[in-house]
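In: Sequence first, then the predicted structure, then my questions.
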Amino acid sequence: MKSSSLMKEENKNDFRQNHPYPVHAIKQDKIIFLSDLEIYNINKTRVEFSSPNIISMFINISHKAFVESTSVFKKFIEPKLIDGKTAEFKEEELTKLYDYLESAKVSVIFAYNSIEAFVNIAIPNDYTYENKNNRGIKEIWDKEAIQRWMTTSDKLTKILPGLRGLEKPNNQKFWSNFKNLEQLRNDIIHPKSVSNELNTSNEIHKKFFNKNVFNWIQSTGDVLKFYCQGEYSERYFPIGFGPKKFKPTELDDFDKYFEEVK
């Protein structure tokens, strides 16, 4: 957080904004809402704005591409997928097809990024994870090691349930869809070597001719709903997920720490 300013009420115009967070000022006997600000000096210009929620931004990028790709799939791709027929895309149709594949990939990548960001933010900086390796030796992972070496699905099953007081998500209906999303995202980000022989293909594109790919993308909303549970919302929750109540931070005297911005 670069700085903080007083915010009288939540800005409801854009869901990508971070939640304002309440402070109970004991001396003033009132609840005061604060908002994170980003402040930069660019040459001789001071840039200042309310911080966006990175998870919400990833969700929004994915959603825009999702709307575009599902529309093209229904109107252009799906009508060609007829049993017993060949779905041929002619030269003049390739641009539309390639645009579809690009937007669908964008939706997949940023849908997954929203969960990846959520998990990493949810893990406290001082958190450690104990694990026995294949040789029976106990390992202690700090947050940096967890972020670097543990898959997002492992974080969701091995770490977050304990932190959030929830059961593991493995038996939830959305879990298989999310695992498929994770695999597809990894295939996009880390493409396998494609042969330069004639008549070979990039198998990753095959999955985008199955409308189930859109169920995989939408599973991220179910993942967020599952983990954004509890009596109170956390500050990092994207707007629209979790309870609307926030537990205020106790502060003896607001004026000792902050200056009110009119």
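Out: Happy to help now that I have it.
In: can you pull out the helices in the stretch 1-150 of the chain?
Out: Using DSSP state H, counting those that start in this stretch, the helices of the stretch 1-150 of the chain run over 54-72, 94-122, 143-149.
In: Out of these, flag the one nearest Trp175.
Out: helix 94-122 (12.1 Å; C-beta to C-beta). Quick note: C-beta positions are derived from backbone N, CA and C, even for glycine.
In: about what we covered before: may I see the helices of the stretch 1-150 of the chain arranged in CSV, with mean neighbour count as well?
Out: Shown next, in CSV, are the helices of the stretch 1-150 of the chain (neighbours: other C-beta atoms under 10 Å):
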stretch, mean neighbour count
helix 54-72, 19
helix 94-122, 20
helix 143-149, 13
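In: Quick one: closest of these to Tyr257.
Out: Nearest to Tyr257 among the helices of the stretch 1-150 of the chain is helix 94-122 (24.0 Å), distances taken as C-beta to C-beta.
In: will you turn the helices of the stretch 1-150 of the chain into CSV that also has mean pLDDT and distance to Lys225?
Out: Formatted as CSV, these follow (pLDDT from 0 to 100; distance: least, C-beta to C-beta, whole Å):
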stretch, mean pLDDT, distance to Lys225
helix 54-72, 98, 12
helix 94-122, 97, 11
helix 143-149, 92, 23
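In: For Ile159, give me phi and psi.
Out: Main-chain torsions, Ile159, degrees, to the nearest 10: phi -120, psi -50.
In: For the stretch 101-250 of the chain, which segments count as strands?
Out: In the stretch 101-250 of the chain, the strands defined using DSSP state E, counting those that start in this stretch lie at 128-132, 138-142, 249-251.
In: Deepest-packed of these, please.
Out: For those, average neighbour numbers computed from mean count of other C-beta atoms under 10 Å are highest in strand 249-251, which has a mean of 13.
In: Export the strands of the stretch 101-250 of the chain to JSON lines and append columns for distance to Gln218 and mean pLDDT.
Out: Below are those laid out as JSON lines (distance: least, C-beta to C-beta, whole Å; pLDDT from 0 to 100):
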{"stretch": "strand 128-132", "distance to Gln218": "30", "mean pLDDT": "86"}
{"stretch": "strand 138-142", "distance to Gln218": "31", "mean pLDDT": "89"}
{"stretch": "strand 249-251", "distance to Gln218": "35", "mean pLDDT": "83"}
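In: Now do the contacts for the residue nearest the centre of the chain.
Out: For the chain, the residue lying nearest the average C-alpha position, counting by C-alpha atoms, centre = their mean, turns out to be Ser114 (1.0 Å). Contact analysis of Ser114 by C-beta atoms under 8 Å, 6 or more residues apart in numbering lists 55, 58-59, 62, 220, 224, 238.
In: Make a markdown table from those residues and add distance to Glu203 to it.
Out: Formatted as a markdown table, the contacts of Ser114 follow (distance: C-beta to C-beta, whole Å):
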| residue | distance to Glu203 |
| --- | --- |
| Ile55 | 31 |
| Phe58 | 26 |
| Ile59 | 28 |
| Ser62 | 23 |
| Thr220 | 24 |
| Leu224 | 30 |
| Pro238 | 34 |
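In: Let me know the closest of these to Asn134.
Out: Distance to Asn134, by C-beta to C-beta, is smallest for Thr220 among the contacts of Ser114, at 31.7 Å.
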